[in-house]
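Visitor: This is a predicted model, with the sequence first.
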Amino acid sequence: MTTELIGLALLMGLATYPWRAIPLLAPGVERLPARVLDYLRLVGPAMLAALATVGVAVALDGERHPSFHVGAEWLAVALCAVIVWRFRNLLVGLVLAAGLMAVLRATGVALLP
């Protein structure tokens, strides 16, 4: 196990936390304009989606050069997107996508990076 990405994770947490905390800490946040509330509500999922996209679409070769990657992970992303769109439940979508990847990896269809 490597610890080289812990610093990046902490940095990203510091960058996204204020946007996620504003609705919890600011008094009267519900009186903000609807567009601002929509923005604040969607910042967290948008940042999560951006981070996940890099994890799914970018692969590193042996010399750590990034390249575009298409693999079984895209099926899991599509399954999650359909479940969230159809049933409006992110948790179920994420659990089913993770389960799909676990099955694909256990059967050897998808290999670990």
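Guide: Cool, got the structure.

Visitor: show me what contacts Ala72?
Guide: Met101, Leu104, Val109, Ala110 (CB atoms under 8 Å, 6 or more residues apart in numbering). Every residue, glycine included, has its C-beta placed from N, CA and C.

Visitor: Now do it against Gly55, distance only.
Guide: Using CB to CB, to the nearest Å, Ala72 is found at 13 Å from Gly55.

Visitor: Please enumerate the helices of this protein.
Guide: Remark: helices assigned in the chain by DSSP state H are 6-25, 34-57, 73-87, 90-106.

Visitor: Helix 34-57 and the last one, what's the angle between them?
Guide: Just to be clear, that refers to helix 90-106. For helix 90-106 against helix 34-57, the angle by axes from the mean of the first three to the mean of the last three CA atoms, to 10 degrees is 0 degrees.

Visitor: By mean pLDDT, point me to the weakest helix or strand of the chain.
Guide: Every helix and strand in the chain was compared by mean pLDDT, DSSP states H and E; the lowest is strand 58-60, with a mean of 76.
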